[in-house]
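**Student:** What follows is a predicted structure for the sequence shown.
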Amino acid sequence: KQKGNPHEKIIEWMKDPSTKEVFMTYLSFSKSSVIKELCKAVKKRNLKLTILIDEKNREDEKRMARVLKLRKCTNSDFTTPHIPLILTGGHKGEGKDQTGYAHTKLIMINSSSPDKVRLVFSSGNMSSGTTSHHENWHFVTTHKNTYFFQAHLCLKEGLLNHQSSKSSFISFMSECQKKINLQPEEDLKVFFIPGDGRKAMRSLHSEFKKSIDVKMAAHRFSNGSIIRAIKKNLARPNFKAKIIVDDDVHWTGLLQTNIGRNTLYEFEKLTMLESLGLEIKYLETFADNIENPKSIQLQHNKFLVFSREDGNGTVFTGAGNLTGAAFYKNFENFYL
């Protein structure tokens, strides 16, 4: 109930009478208050709602039942009542062509509008990520006729109808974005995974090289290319780098075992970089029991803030962790 948090803004945009159509995609979707508000909007305003979550949510009956309740939120008083569409995705295809998690985190509002549209991207899921985890959320109001939004229309179509394999999704996204008859913004670049992983990584390496100071926050930290970039740039005399990670990473090192989602590998790599000059902060988050917690809070932010000598800089952020899968296998949305 805190003022100004992402949860309040999400509810505000769902309550807005001008919100007629909503597409949402998250790894997990369990925030009851958001589900309740969406149900009201469908019943009162005949909101057209589509939600895509990861396939593995089906393994948790209680969590799945919570979001599936939305299918009952309809109103027969409308001439053509909308029934919320709840879909799952990810983990399709064979061998190296298999997709990973449906890990995109996105809200698109009124994508059929001729003018004003809204979009939300974040590090957080539609869960405790709206209120109690440490997350970064971004709320954008823009015009439909921007490359930025048109690219997200491609993403929406790709996730809904072209995710049977990595190659299917990559092929569709490439062709769809080529057809956008607008110039990409110079100050805001989008990267959709799978497909744009190498492009995103080249941009990151370029930003490291141009910067004198990098401040990072991550939940997972195991991407070899990013680790090499930090190591290489720490050798420069005027380069400084800091990172904030969850204290689960600290506990993996102390107890010499994986804790939660974090691994001993991550601790070892961070320790190696620390010996080269990386400054590390472990954010203490609540857990009633370190090894088998019933209540969890996470340092779940995902961003890199690059500062240059001339005072300018850039931010890289998005849904994905700093892992290999986040850049080449999962469905992810990143921004520079």
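**Tutor:** The structure has been received and is ready for your questions. Numbering: from 1, shown residues only.

**Student:** Sketch out the helices for the stretch 151-300 of the chain, chain order is fine.
**Tutor:** Secondary structure of the stretch 151-300 of the chain by DSSP state H, counting those that start in this stretch: the helices cover 166-178, 197-210, 224-234, 247-255, 264-275.

**Student:** can I get those in CSV with mean pLDDT?
**Tutor:** Listed next are the helices of the stretch 151-300 of the chain as CSV, based on pLDDT from 0 to 100:
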stretch, mean pLDDT
helix 166-178, 98
helix 197-210, 98
helix 224-234, 98
helix 247-255, 95
helix 264-275, 98
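
**Student:** tell me the most buried of these?
**Tutor:** Comparing these by mean neighbour count (mean count of other CB atoms under 10 Å), helix 247-255 ranks first with a mean of 19. (Each C-beta comes from the backbone N, C-alpha and C, glycine too.)

**Student:** Send me that one as PDB with only the CA atoms.
**Tutor:** The C-alpha trace of helix 247-255 is given here as PDB (Å, rounded to 0.1, in the frame of the first residue of the first chain):
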ATOM      1  CA  ASP A 247      23.200 -12.000  -0.100                       C
ATOM      2  CA  ASP A 248      22.300 -15.500  -1.200                       C
ATOM      3  CA  VAL A 249      25.500 -15.300  -3.300                       C
ATOM      4  CA  HIS A 250      27.500 -14.600  -0.100                       C
ATOM      5  CA  TRP A 251      25.900 -17.600   1.600                       C
ATOM      6  CA  THR A 252      26.800 -19.900  -1.300                       C
ATOM      7  CA  GLY A 253      30.400 -19.000  -0.600                       C
ATOM      8  CA  LEU A 254      30.100 -19.300   3.100                       C
ATOM      9  CA  LEU A 255      28.300 -22.600   3.100                       C
END
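
**Student:** tell me which strands and helices it is in contact with?
**Tutor:** helix 264-275, strand 279-283 (3 or more CB pairs under 8 Å, 6 or more residues apart in numbering; DSSP states H and E).

**Student:** what's the spacing between the longest one and its chain's center?
**Tutor:** Okay, so that is helix 264-275. Once both centres are worked out by CA atoms, centre = their mean, to the nearest Å, helix 264-275 turns out to sit 24 Å from its chain's centre.

**Student:** which other helices and strands contact it?
**Tutor:** The contact analysis (3+ CB pairs under 8 Å, 6+ apart) places helix 264-275 against helix 224-234, strand 240-246, helix 247-255, strand 279-283.

**Student:** The second one - what's its average pLDDT?
**Tutor:** What it means is strand 240-246. Strand 240-246 carries an average pLDDT of 98.

**Student:** Residue numbering should commence at 283 henceforth.
**Tutor:** Fine by me, first position is 283 from now on; the one you just mentioned is strand 522-528.

**Student:** Neighbouring strands - and their directions - for it?
**Tutor:** Partner strands for strand 522-528, per DSSP bridges, with pairing direction: strand 495-500 (parallel), strand 561-565 (parallel).

**Student:** Dump those strands to TSV, plus distance to H385 and mean neighbour count.
**Tutor:** Below are those laid out as TSV (distance: least, CB to CB, whole Å; neighbours: other CB atoms under 10 Å):
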stretch	distance to H385	mean neighbour count
strand 495-500	14	21
strand 561-565	22	15
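
**Student:** Just send those strands back as CSV, with distance to C321 and mean pLDDT too.
**Tutor:** Converted to CSV, the strands paired with strand 522-528 look like this (distance: least, CB to CB, whole Å; pLDDT from 0 to 100):
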stretch, distance to C321, mean pLDDT
strand 495-500, 34, 98
strand 561-565, 35, 97
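
**Student:** Which among the helices and strands packed on helix 546-557 is found nearest to Y617?
**Tutor:** Checking those against Y617 by CB to CB gives helix 506-516 as the closest, at 16.2 Å.

**Student:** Show the contacting residues for L309.
**Tutor:** Residues in contact with L309 (CB atoms under 8 Å, 6 or more residues apart in numbering) are I335, D336, Y383, A384, H385, K387, N407.

**Student:** mind running it again at 7 Å?
**Tutor:** I335, D336, Y383, A384, H385, N407 (CB atoms under 7 Å, 6 or more residues apart in numbering).

**Student:** which phi and psi does the residue lying closest to I452 once chain neighbours are set aside have?
**Tutor:** Leaving aside its chain neighbours, I452 sits nearest to G477 (4.1 Å; criterion: CB to CB, 6 or more residues apart in numbering). Note on G477: backbone dihedrals following degrees, to the nearest 10 are phi 130, psi -50.

**Student:** Next, format the helices of the stretch 433-582 of the chain as a markdown table and append distance to Q284.
**Tutor:** Shown next, in a markdown table, are those (distance: least, CB to CB, whole Å):
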| stretch | distance to Q284 |
| --- | --- |
| helix 448-460 | 37 |
| helix 479-492 | 33 |
| helix 506-516 | 33 |
| helix 529-537 | 23 |
| helix 546-557 | 31 |
